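Undergrad: Here is my input, please return the structure:
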Amino acid sequence: MSAPFRFPRFFVTNPSPCPYLPGKSERKVFTELNGDNASELNDALGRIGFRRSQNVAYRPSCADCSACVSVRVVAQEFKPNATQRKLIRRNSDLVVTACKPWSTEEQFELLQRYLRARHPGGGMTEMDEMDFADMVEQTPVESHVVEYRLPGEDGRPGKLVGACLTDRQGDGLSMIYSFFDTELEDRPGLGNFIIMDHIQRAARARLAYVYLGYWVDGSQRMQYKIRYRPLEKLSRAGWVRFDPEEQAQAIRVVMPRDEPPLPVELAAILRR
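TA: Residues are numbered from 1 along each chain as shown. Sure, this is the predicted structure:
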């Protein structure tokens, strides 16, 4: 094991306003992912709550708050409820393909429509095609863009209606960023379907988990992650399962929103 892998250098961002909880400030600790051991380092850091953005691994390191909690779905034990089964059936005709991490104009246009519809005025609405290409293609680990298309005609690919930048880690799939067509009235819940498809893909590949990033208790736009069972959270004692009653109570207050929220782009944080 090389020294750069055993002893990575960590840095801390300056405090900035928290995007999830009003009145709070956020700070992140991060390190670079590079060299021959980038995948192994990313796997090790992922198991202790880090997330990847391009060639950087980061996690919250806030002085007075611990609301951001890493969560992951136990893929092999996941059993969809009645609503989730209906959603899976409704979208069973979609053509799903795991593509190499190369950005396309079609993906970028879908992202722009998604941002305009669901996150107008957000920081990433200013992203251009080069920024998007960097987000997708600058990866030192095994990554794919999982595309979701309507059935094609005459041998031609169908319309792209969803996509997710996904890392394959040693013990699971890490959903880095997903976006989808918000104007398909006959396909509500595409964001949730993309998550369940990843759970099924992980189970078929005999991978243990699907990493969903951070659940923030008290932030409505992060509550969608609580819907999937069994769900584990990272605590001081390591990964533990949600108490069934605690999770049931959290599910009862989830707003019926069908898409994951826009994550804060680490590059923007580092520029502050």
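Undergrad: what mean pLDDT does the one helix or strand L45 maps to have?
TA: Assigned by DSSP states H and E, L45 belongs to helix 38-46. Confidence over helix 38-46 (mean pLDDT, whole number) is 95.
Undergrad: try stretch 145-162
TA: 94.
Undergrad: next structured bit after the helix or strand hosting S178?
TA: Using DSSP H and E, S178 maps to strand 172-180. Beyond strand 172-180 in the direction of the C-terminus, DSSP H and E gives the next helix or strand as helix 190-204.
Undergrad: angle of the helix or strand just after that following helix against helix 38-46?
TA: Downstream of helix 190-204, the next assigned helix or strand under DSSP H and E is strand 209-216. Here strand 209-216 runs at an angle of 50 degrees relative to helix 38-46 (axes from the mean of the first three to the mean of the last three Cα atoms, to 10 degrees).
Undergrad: could you give the angle of strand 209-216 to strand 172-180?
TA: Using the same axes, to 10 degrees: strand 209-216 against strand 172-180 is 60 degrees.
Undergrad: hang on, the earlier thing: quick check: which helices or strands does the helix holding L45 pack against?
TA: Secondary-structure packing of helix 38-46 (3 or more Cβ pairs under 8 Å, 6 or more residues apart in numbering; DSSP states H and E): strand 56-60. All C-beta spots, glycine's among them, are computed from the backbone N, C-alpha and C.
Undergrad: Pull up the pairing partners for the strand it packs on, direction included.
TA: Within its sheet, strand 56-60 is paired with strand 28-32 (antiparallel), strand 51-53 (antiparallel), according to DSSP bridges.
Undergrad: mind showing which ranges of the stretch 101-250 of the chain have poor pLDDT?
TA: Where the stretch 101-250 of the chain drops to pLDDT under 70, the residues are 121-123, 221.
Undergrad: Just give the nearest non-adjacent residue to S61, would you?
TA: In space, and not counting its chain neighbours, S61 is closest to V29: 4.0 Å by Cβ to Cβ, 6 or more residues apart in numbering.
Undergrad: Can you get me a residue count around that neighbour?
TA: 15 (other Cβ atoms under 10 Å).
Undergrad: quick one: contacts for it?
TA: The contact partners of V29, by Cβ atoms under 8 Å, 6 or more residues apart in numbering, come to F10, F11, V12, T13, Y58, R59, P60, S61.
Undergrad: which residues sit in contact with the third one?
TA: By that I understand V12. Counting by Cβ under 8 Å, 6+ apart, V12 has contacts R27, K28, V29, F30, S61.
Undergrad: Name the residues linked to it by a beta bridge.
TA: Beta bridges link V12 to V29 when assigned by DSSP bridges.
Undergrad: Just the pLDDT for it.
TA: 95.
Undergrad: Now do it against G170, distance only.
TA: Noted for V12: a distance of 27 Å to G170, by Cβ to Cβ, to the nearest Å.
Undergrad: got it, and V69?
TA: From V69 to G170 the distance is 22 Å (Cβ to Cβ).
Undergrad: Settle it for me: which of the two has more neighbours?
TA: V69 (18 against 14).
Undergrad: who are the neighbours in contact with the more buried one?
TA: If you count contacts by Cβ under 8 Å, 6+ apart, V69 has them with Y214, W215, V216, D217, K233, L234, S235.
Undergrad: could these go into CSV alongside neighbour count?
TA: Formatted as CSV, the contacts of V69 follow (neighbours: other Cβ atoms under 10 Å):
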residue, neighbour count
Y214, 20
W215, 21
V216, 22
D217, 15
K233, 19
L234, 19
S235, 11
